[in-house]
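build the 3D model from these lines:
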Amino acid sequence: MKVEVKWRKLVKPGRYIEDDGCFVDCNDLGVEFIHAKVDGQMDKLLHGDPDRDFLIRLSEHPTNVVGNPLVVIQVNAFNCGGLAISVRFTHKIGDMYTMAKFINSWASACRGNVDTIACPSFELSSLLPAKELAVPNSGPQRTGNKELIMSRFRFSANALSKLKALARDNAKDSMANDSQHSRVEVISALIGKAFLNICRNKHGEKRTFVVCIPVNLREKINLAIPANSCGNLVVDVWARSGQPTAGKSKLEFNGMANVMRDMIAYAKMKYATVVDGEELCSMVGDSLAEYVKIAARGKDSLFGFTSWCRFGLYENDFGWGRPVLISNAPSNFKSIYLIDDEESGVINAWITMDEAETILLKQDAEILKFTS
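This is a model prediction of the structure:
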């Protein structure tokens, strides 16, 4: 099949080596594909908050797989005739841009549009060779046995327009006030403000915060990289607040919106000056090391956002029409994922928190005002 030829460097090699995840064992075991039958109705997924345990069963890594697959696909067939497709993709070989390109190519092939598939490039390693970063494990902290709840907050196109207008009216203190806030920035600001106020009520009003979001560096750096470059070309950008002044522990929406806007604008400006791959690797490594150092102190409220917006995930028609709903797989750590449907203008925020925080978040007046 032509799509396999174009993606052969991803789907053919086989398994990454457990002891040294920088290398892949080219044993041609390929993608792990699983077909599962679900004794139930799809309505259970589409309405209300998701059943986290149910979602895990639809996407959990199979235990009888040989080695460590680069990609695991599970197609779940429901009694009603509906399908839920789960794709697990190791970050060792690619970021969300890479995963979205792969799914889009797969869907195009299923519709018979193989000739329209753009050929991916896997030449990033020549520009940014894999190397060990001198920082400890920076992954999100797991919550152990603490019960987590996954919730969906739906922001309509109309609600997003109102949030952007509200942020624009109060942007005079932002370094990037010459351009309007993005949808991701205003949603992150609204959720981040609510979450921070919950944390400050719990830990004290003087608590500072650190916010982090991954940024796709494609088209943001001046290095010559091939079109459709697949692999990892993403950086975690972050910002830390100053100490709250007495009597001003409650952060307002416009303050958080400006933090998000300035953080992303500064990152774009910073990485646009990169002149070679070695410098880029050093900048990413230094930023990560500083973030890990601050996070390890445990003195700040930490919250991170992951945006899967503008990847066209809702355009992936496998021949049965556009998907009805897309989410991230359940995580065993606190997380916030933003996924957009460009046709309707809706953005869903999939938030995983503990039960007490989830209850307070759902009671926040501004969250209630802008979500459905």
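
give me the beta-bridge partners of the closest residue in space to V284 that isn't next to it in sequence?
Distances taken as C-beta to C-beta, 6 or more residues apart in numbering put V235 closest to V284, at 5.1 Å, once the chain neighbours are dropped. Yep, even glycine has a C-beta here, placed from its N, CA and C like the rest. Taking DSSP bridges as the rule, V235 bridges to V215.

show me the contacts for V235.
Applying C-beta atoms under 8 Å, 6 or more residues apart in numbering, we find V235 in contact with P214, V215, L217, A267, Y271, V284, S287.

tabulate these in TSV, adding columns for distance to F318.
Below are the contacts of V235 laid out as TSV (distance: C-beta to C-beta, whole Å):
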residue	distance to F318
P214	27
V215	30
L217	30
A267	35
Y271	35
V284	35
S287	38
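
any of these buried? List them.
V215, L217, A267, Y271, V284, S287 (16 or more other C-beta atoms under 10 Å).

in helices, which of those residues appear?
Using DSSP state H, the members of those that fall in helices are A267, Y271, V284, S287.

and those, which two are furthest apart?
Farthest pair in these (C-beta to C-beta) is A267 and V284. Separation: 10.8 Å.

run through the chain and note the low-pLDDT ranges.
1-6, 8-13, 18-22, 61-64, 66, 129-146, 170-179, 205, 243-250 (pLDDT under 70).

so where do the helices sit in it?
2-6, 8-11, 43-46, 52-59, 96-110, 124-127, 157-169, 183-203, 253-271, 277-296, 355-363, 365-370.

return the most buried member of these.
Burial of those is given as mean neighbour count (mean count of other C-beta atoms under 10 Å); helix 183-203 ranks first at a mean of 22.

that helix versus helix 157-169: what angle between them?
Per axes from the mean of the first three to the mean of the last three C-alpha atoms, to 10 degrees, the angle that helix 183-203 makes with helix 157-169 is 80 degrees.

quick one: helix 183-203 to helix 355-363, angle?
For helix 183-203 against helix 355-363, the angle by the same axes, to 10 degrees is 130 degrees.

which non-adjacent residue is nearest the spatially most central residue of the chain?
Among the residues of the chain, the one closest to the centroid is T306, at 3.1 Å (C-alpha atoms, centre = their mean). Excluding its sequence neighbours, the residue lying closest to T306 (C-beta to C-beta, 6+ apart) is Y337, at 5.0 Å.

how many residues are close by that neighbour?
Neighbourhood size, Y337 [other C-beta atoms under 10 Å]: 20.

beta partners of it?
Under the criterion used (DSSP bridges), Y337 bridges to T306, W350.

ok, it to F153 distance?
Remark: distance between Y337 and F153 (C-beta to C-beta, to the nearest Å) = 11 Å.

overlap of the contact sets of the two?
With contacts taken as C-beta under 8 Å, 6+ apart, Y337 and F153 have A349, I351 as neighbours in common.

could you pull out the strands in the stretch 1-150 of the chain for me?
Taking DSSP state E, counting those that start in this stretch as the criterion, the stretch 1-150 of the chain carries its strands at 14-16, 24-26, 32-38, 71-78, 83-89, 148-155.

relative to helix 52-59, how tilted is the third one?
Put plainly, it is strand 32-38. Using the same axes, to 10 degrees: strand 32-38 against helix 52-59 is 130 degrees.

sheet partners, orientation included, of strand 32-38?
Using DSSP bridges, strand 32-38 pairs in its sheet with strand 71-78 (parallel).

check which residues of the strand it pairs with are buried.
The neighbour-count check on strand 71-78 (16+ other C-beta under 10 Å) flags V71, V72, I73, Q74, V75, N76, F78 as buried.

neighbours around G231, how many?
When neighbours are counted by other C-beta under 10 Å, G231 comes out with 22.

residues contacting the spatially closest residue to Y97 that is not a sequence neighbour?
Leaving aside its sequence neighbours, Y97 sits nearest to N216 (C-beta to C-beta, 6+ apart; 5.6 Å). By C-beta under 8 Å, 6+ apart, the contact list for N216 reads D95, M96, Y97, L233, V234.

about what we covered before: turn the buried ones among the contacts of V235 into CSV, including distance to F102.
Formatted as CSV, the buried ones among the contacts of V235 follow (distance: C-beta to C-beta, whole Å):
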residue, distance to F102
V215, 21
L217, 19
A267, 26
Y271, 25
V284, 23
S287, 28
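
now, which of those sits nearest R15?
Lowest distance from R15 to these (C-beta to C-beta) belongs to V284, with 26.7 Å.

measure that closest one to F333 for me?
Using C-beta to C-beta, we find V284 at a distance of 22 Å from F333.

go on, V210?
Separation of V210 from F333 (C-beta to C-beta): 15 Å.

F195 too?
14 Å.

one more: N348?
In terms of C-beta to C-beta, N348 sits 19 Å off from F333.

which one of these two has more residues nearby?
N348 (20 against 12).

so who does A84 touch?
Neighbour list for A84: V38, M42, L45, L58, V75, N76, F78 [criterion: C-beta under 8 Å, 6+ apart].

need those residues in a markdown table with distance to L280, can you?
Converted to a markdown table, the contacts of A84 look like this (distance: C-beta to C-beta, whole Å):
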| residue | distance to L280 |
| --- | --- |
| V38 | 44 |
| M42 | 44 |
| L45 | 40 |
| L58 | 37 |
| V75 | 38 |
| N76 | 40 |
| F78 | 45 |
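
biggest separation within the residues you listed, which pair?
Distances among the contacts of A84 were taken as C-beta to C-beta; the most separated pair is L45 and V75, at 14.4 Å.
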